[in-house]
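*Asks:* Return a 3D structure for these sequence lines:
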Amino acid sequence: MGYAEVYQGWKNDPEGFWMEAAGAIDWVRPPSKALFDDNPPFYEWYADALVNTCHNAVDRHVDAGRGEQVALIHDSPATDSVSRMTYAELQEKTARLGGALQRQGVQKGDRVIIYMPMVPEAIVAMLACARIGAVHSVVFGGFAAAELATRIDDCTPRAIIAGSCGVEPGRVVDYKPLLDGAIEIATHKPEFTVILQRPEKEATLTAGRDHEWNAFQEGAPLADCVPVEGNHPVYILYTSGTTGAPKGVIRQTAGHLVALNWTMKNVYNVNPGEVFWAASDVGWVVGHSYICYAPLIHGNTSVVFEGKPVGMPDAGTFWRVIQDHCVRSFFTAPTAFRAIKREDPTGSLIENYDISCLRALYLAGERADPDTIEWAQKVMRVPVYDHWWQTETGFPMVANPVGIEPLPVKIGSPSVAMPGYDVQILDEAGTPLPAGELGAIAVKLPLPPGTFPTLWNASDRFRKSYLETFPGYYETGDAGYVDEDGYLYIMARTDDVINVAGHRLSTGAMEEVLASHPQVAECAVVGVKDELKGQLPMGFVCLNKGAAGSADEIVAECVKLMRDTIGPVAAFKLACVVDRLPKTRSGKILRGIMSRIADGEAYKPPATIDDPAILDEIREAVGALGYPKG
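*Replies:* Numbers count the residues shown, from 1 in each chain. Next comes the predicted model:
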């Protein structure tokens, strides 16, 4: 069957579709049905099943005779090291850590915070929690103490597993003082911590509370996989909001297993035994879904990468990893490729490597502008597929279903809706809009298995944040349109659609124009207040290394390009060159904060900001443009 038949098959019989997909999972007690819809809008999937995530990700592959297959490759240009772990080794390590946690009193349903760098032990810790039915909550290593404390108070963990440090370009980040500070600030106190000592910076342990990783596990029994109900949470993952308390997204066990396993072949087109690489971090949803869980559930080898796309040692690092480990399918954020393109505009470094093993590149995490996609296609000589999903959904909503049927790539679109997602474009009244019209992107309820059923201890907030604006729909917070062929185009966050003299304009469309300039490496467009027109667009551009022309000349060319491409209606005159854009550590550009700086409004940098000092440069740049006015 092709994509159209598969998608229509799901629409005609969603129950049958998801029960068939569930056949690929090992169940202790199979589900009696797929959807449990007796308490809308709190839908659940496979709720009456019994199952264990770690068994499906590890033990069943060992039982099938594949214990010697490599499960994890740790490639760390940060520490100049490479190591491998087989499925049999991973089974022993998760059982040993799980047994040590049980010995210390951790039981099914207890929460465990994991605060670690990109090391294989982070994956072991996640799987060990799943093995014994504990609910893990991974917090990005190096998060500020106050932010870690809010997560401690929200999920009240019995234990925290942490690394002593993280290794960044040119520096070592000491985690232990941050962890100690967070525990001191937090109202809730964990009973104990487990610290992985790294040679780059060993931590001083607090007697009676802190346990060294190896000593903690010494002599511990090997834990069996504990069966849990299908609706038992496997993890809580906090979204990175710019204001207010973080939202704890819950992932339930059974739907998570079924959906992630389905995507590995149907979306990413890999077979069991092949190498899959998601260049992300375990602190983000991509790291959960596509470094830890999906590849292992499907029986792939997963690359755990500790490094950066540039400067470790150069912009050829990604090509080396693909070559050295025979990566078949590669997934990263567009911002990584913009960084590579900026350092190596012609892509000359790729000629030093053989990446013929690679079938395709997948981009997600932020909007992939056409210029970045076209550059990657030209340099890598493989198909480049944009796709779209969110922390809340846990797996792709819109993608090119390459493992079912590769669809034509339309640059600028992440392609088409995946089974389980009825994606609609709505106006402000919640009425579906025709093809080609810009509106709010929403998904008809119920969401498919593997998506979030609610927020941790915050069901009212779940309703208000996601379900109230458009009754019967999940509000994604993104704006876009669908074309005549059903391809979705995501143009901006809903609050990034700006109104210039009554014209609703997409900042994403303007960014496409700026990015097409040959000297522009990356860019952002935000809306700023204007007394006459309501709002005006303001552009920020970062230039390629060795860019030809002065900053003033390039800005003038960008303004003309915008006028020629979008027209005078955009009223685009405000633009400046900056060295860097403010981003989260996952690569998302902080457009909202840039807009508030220009408007002279108060703002709070999110905990996930990569480098707060960049905001000073933005403030200077908008000041030079005469903002904030008055």
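
*Asks:* Quick check: next helix or strand after the helix-or-strand element of the chain with minimal mean pLDDT?
*Replies:* When each helix and strand of the chain is scored by mean pLDDT, DSSP states H and E, strand 503-506 comes last, with a mean of 75. Per DSSP states H and E, the first helix or strand lying C-terminal to strand 503-506 is helix 507-515.

*Asks:* which other helices and strands contact that next one?
*Replies:* For helix 507-515, the packing partners by 3 or more CB pairs under 8 Å, 6 or more residues apart in numbering; DSSP states H and E come out as helix 370-380, strand 488-493, strand 520-530, strand 534-543, helix 551-565. C-beta here means a position set from N, CA and C on the backbone, and glycine is covered the same way.

*Asks:* try 6 Å
*Replies:* strand 488-493, strand 520-530, strand 534-543, helix 551-565 (3 or more CB pairs under 6 Å, 6 or more residues apart in numbering; DSSP states H and E).

*Asks:* nearest to Leu148, of those?
*Replies:* Nearest of those to Leu148, taken as CB to CB: strand 488-493 at 26.5 Å.

*Asks:* roughly how far is the closest one from the heart of the chain?
*Replies:* Offset of strand 488-493 from its chain centre (CA atoms, centre = their mean, to the nearest Å): 17 Å.

*Asks:* Can you name every helix or strand that that strand contacts?
*Replies:* For strand 488-493, the packing partners by 3+ CB pairs under 6 Å, 6+ apart come out as strand 473-482, helix 507-515.

*Asks:* Can you give me the neighbour number for Glu168?
*Replies:* Close neighbours of Glu168, defined as other CB atoms under 10 Å, add up to 15.

*Asks:* What residues are recorded as beta-bridge partners of it?
*Replies:* Counting by DSSP bridges, Glu168 is bridged to Arg171.

*Asks:* what about it, distance to Asp174?
*Replies:* Glu168 sits 11 Å away from Asp174, going by CB to CB, to the nearest Å.

*Asks:* before we move on, back to that, out of the helices and strands packed on helix 507-515, which is closest to Leu296?
*Replies:* Checking the helices and strands packed on helix 507-515 against Leu296 by CB to CB gives strand 488-493 as the closest, at 29.5 Å.

*Asks:* Quick check: next helix or strand after that closest one?
*Replies:* In N-to-C order, the element after strand 488-493 by DSSP H and E is strand 497-500.

*Asks:* just checking, what packs against that following strand?
*Replies:* strand 503-506, strand 534-543.

*Asks:* Show me which residues of that strand are buried.
*Replies:* 497-498, 500 (16 or more other CB atoms under 10 Å).

*Asks:* got a list of what the residue nearest to Ile350 when sequence neighbours are not counted touches?
*Replies:* Distances taken as CB to CB, 6 or more residues apart in numbering put Trp319 closest to Ile350, at 5.0 Å, once the chain neighbours are dropped. Residues in contact with Trp319 (CB atoms under 6 Å, 6 or more residues apart in numbering) are 350, 353, 355.

*Asks:* Please list only the buried members of these.
*Replies:* 350, 355.

*Asks:* Filter the contacts of Trp319 down to the ones in helices?
*Replies:* Nothing among the contacts of Trp319 maps onto helices, per DSSP state H.

*Asks:* Of the helices and strands packed on helix 507-515, which is nearest Arg580?
*Replies:* strand 534-543 (6.5 Å).

*Asks:* quick one, that closest one and strand 520-530 angle?
*Replies:* Here strand 534-543 runs at an angle of 160 degrees relative to strand 520-530 (axes from the mean of the first three to the mean of the last three CA atoms, to 10 degrees).

*Asks:* circling back: check the helices and strands packed on helix 507-515 for me: which has the lowest mean pLDDT.
*Replies:* For those, mean pLDDT drops lowest on strand 488-493, to a mean of 84.

*Asks:* Give me the angle between that one and strand 473-482.
*Replies:* 110 degrees.

*Asks:* and Leu178, which of the helices and strands packed on strand 488-493 is closest to it?
*Replies:* Of the helices and strands packed on strand 488-493, nearest to Leu178 by CB to CB is strand 473-482, at 29.9 Å.

*Asks:* so for that closest one, what's the average pLDDT?
*Replies:* 94.

*Asks:* returning to that earlier point: where does the residue nearest to Ile350 sit: helix, strand or coil?
*Replies:* helix (DSSP: H, G, I helix; E, B strand; the rest coil).

*Asks:* any idea how far the closest residue to Thr393 other than its chain neighbours is from Leu178?
*Replies:* Residue nearest to Thr393 in three dimensions, not counting chain neighbours: Thr451, with 4.7 Å by CB to CB, 6+ apart. Using CB to CB, Thr451 is found at 32 Å from Leu178.

*Asks:* who has more neighbours, those two?
*Replies:* Thr451 (26 against 21).

*Asks:* close enough to count as contact, that one and Pro396?
*Replies:* No - using CB atoms under 6 Å, Thr451 makes no contact with Pro396, being 11.2 Å away.

*Asks:* correct me, but Val234 touches Arg251?
*Replies:* Yes - contact criterion CB under 6 Å: Val234 and Arg251 qualify, at 5.4 Å.

*Asks:* Domain-wise, how is the protein divided?
*Replies:* Structurally, the chain divides into domains by automatic domain parsing as follows: 87-226, 501-624.

*Asks:* Highest mean neighbour count out of the ones you listed?
*Replies:* Mean neighbour count (mean count of other CB atoms under 10 Å) peaks for domain 87-226 among these, with a mean of 20.

*Asks:* Quick check: chain neighbours aside, which residue is closest to Arg342?
*Replies:* Per CB to CB, 6+ apart, closest to Arg342 is Ala521, 3.7 Å.

*Asks:* show me what contacts the one you found?
*Replies:* 338, 342, 542, 544.

*Asks:* Could you list the low-pLDDT ranges of this protein?
*Replies:* Within the chain, the stretches with pLDDT under 70 are 240-244, 494-495, 502, 504, 630.

*Asks:* Tell me where the longest helix sits in it.
*Replies:* helix 87-103.

*Asks:* Off-centre distance for the helix or strand hosting Tyr385?
*Replies:* Element membership for Tyr385 (DSSP H and E) is strand 384-386. Averaging C-alpha positions (CA atoms, centre = their mean) puts strand 384-386 16 Å from its chain's average.

*Asks:* just checking, what packs against it?
*Replies:* Counting contacts by 3+ CB pairs under 6 Å, 6+ apart, strand 384-386 is packed against strand 360-363, helix 370-380.

*Asks:* Can you say which of these is packed in most?
*Replies:* Counting by mean count of other CB under 10 Å, strand 360-363 has the highest mean neighbour count of the helices and strands packed on strand 384-386, with a mean of 22.
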